[in-house]
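**Q** Structure for this input, please:
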Amino acid sequence: MVLYYSSNIVDPPVTIYMGKDKFENDDLITYGFPEDICAHVYVRLQPGQTWLDIPQAVVEDCAQLVKANSIEGNKKNGITVIYTPWDNLKKTPGMETGQVTFHNNKKVKRVFVDKRINEVVNRLNKTKVEKFPDLRLERIQREKIDRKNARLDEFAEKEKARILSEEKKRAEKEINDMFDPSQMKSNWRETEVEDINEAEEDFM
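**A** Numbers count the residues shown, from 1 in each chain. You can find the predicted model right below:
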């Protein structure tokens with residue numbers, strides 16, 4: 001079972017979720033999305049967003065949920081909650097269930113939680129929904145969408161390049177036509193005009 005919360009202090013609201021226990025948290029580690037952030041609980045941002053886009057208010061909501069749902073953390077004040085992009089999580093053989101480390105420690109941030117704020121925890125608990133998702137299927141469906149979007153982006157880039165190429169060819173043709181010798185006229189006179197009046201008449 002997975003518990004879903006909505007951090008609605010931002011617009012649009014952001015989904016925060018966590019496994020009921022450490023075994024389900026292992027599945028969440030395996031089947032996360034590229035825009036997911038792990039802060040002991042998980043945050044699902046919008047596609048294309050990164051962990052640097054997470055609003056500070058959402059970080060604080062996550063920290064309060066972590067404290068409230070931790071037996072040890074809920075008993076004491078002054079705890080530190082770390083968060084990192086989902087793809088920075090590293091699971092190695094021999095690790096205990098629910099335990100992880102990181103690929104890059106530079107992509108880890110910390111937030112200090114002085115004490116539990118019941119107003120925040122109660123607000124989040126009012127949005128809590130329990131679900132039994134097929135995480136593997138959700139991941140497969142997401143990958144299909146990503147591949148489709150990648151093909152559409154590739155097609156759009158090719159179409160853009162084709163249009164630019166055609167515009168360049170048209171511009172080059174227009175320039176070449178301007179300098180076509182058969183279309184040019186000269187002001188040179190084959191004979192000199194002896195009479196100034198004739199020259200003036202020609203001019204007029």
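**Q** Do you have the helices of this structure handy? List them.
**A** 22-30, 56-68, 118-125, 135-178, 196-203 (DSSP state H).
**Q** The residue most central in space within the chain - nearest residue in space that isn't next to it in sequence?
**A** In the chain, the residue lying closest to the centroid (C-alpha atoms, centre = their mean) is Gly48, at 1.6 Å. Leaving out its chain neighbours, the residue that sits closest to Gly48 by C-beta to C-beta, 6 or more residues apart in numbering is Glu35, at 7.0 Å. For glycine as for every other residue, the C-beta is placed from the backbone atoms N, C-alpha and C.
**Q** ok, that neighbour touching Leu52?
**A** No. Under the criterion of C-beta atoms under 8 Å, Glu35 makes no contact with Leu52, lying 11.3 Å away.
**Q** Can you give me the domain boundaries for the protein?
**A** Per automatic domain parsing, the structural domains of the chain span 2-133, 135-181.
**Q** and among those domains, the most buried is which?
**A** Across the domains of the chain, averaging neighbours per residue (mean count of other C-beta atoms under 10 Å) puts domain 2-133 on top, at a mean of 15.
**Q** need the domains of the chain in TSV with mean pLDDT, can you?
**A** Conversion of the domains of the chain to TSV gives the following (pLDDT from 0 to 100):
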stretch	mean pLDDT
domain 2-133	91
domain 135-181	82
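**Q** just to revisit the earlier point, from Pro85, how far out is the residue nearest to Gly48?
**A** 9 Å (C-beta to C-beta, to the nearest Å).
**Q** Mutual contacts of the two, please.
**A** By the contact definition C-beta atoms under 8 Å, 6 or more residues apart in numbering, Glu35 and Pro85 are jointly contacted by Thr50.
**Q** Can you pull out the residues in contact with stretch 121-128?
**A** 3-9, 16, 61, 64-65, 68.
**Q** Which two of those have the greatest separation?
**A** The most widely separated members of these, counting by C-beta to C-beta, are Leu3 and Ile9 (18.5 Å).
**Q** For His40, which of the helices of the chain is the nearest?
**A** In terms of C-beta to C-beta, the element of those nearest to His40 is helix 56-68, at 4.4 Å.
**Q** Between helix 118-125 and the closest one, find me the angle.
**A** Helix 56-68 runs at 90 degrees relative to helix 118-125, counting by axes from the mean of the first three to the mean of the last three C-alpha atoms, to 10 degrees.
**Q** out of the helices of the chain, nearest to Gly94?
**A** helix 22-30 (13.7 Å).
**Q** Please name every helix or strand in contact with that closest one.
**A** Counting contacts by 3 or more C-beta pairs under 8 Å, 6 or more residues apart in numbering; DSSP states H and E, helix 22-30 packs against strand 14-19, helix 135-178.
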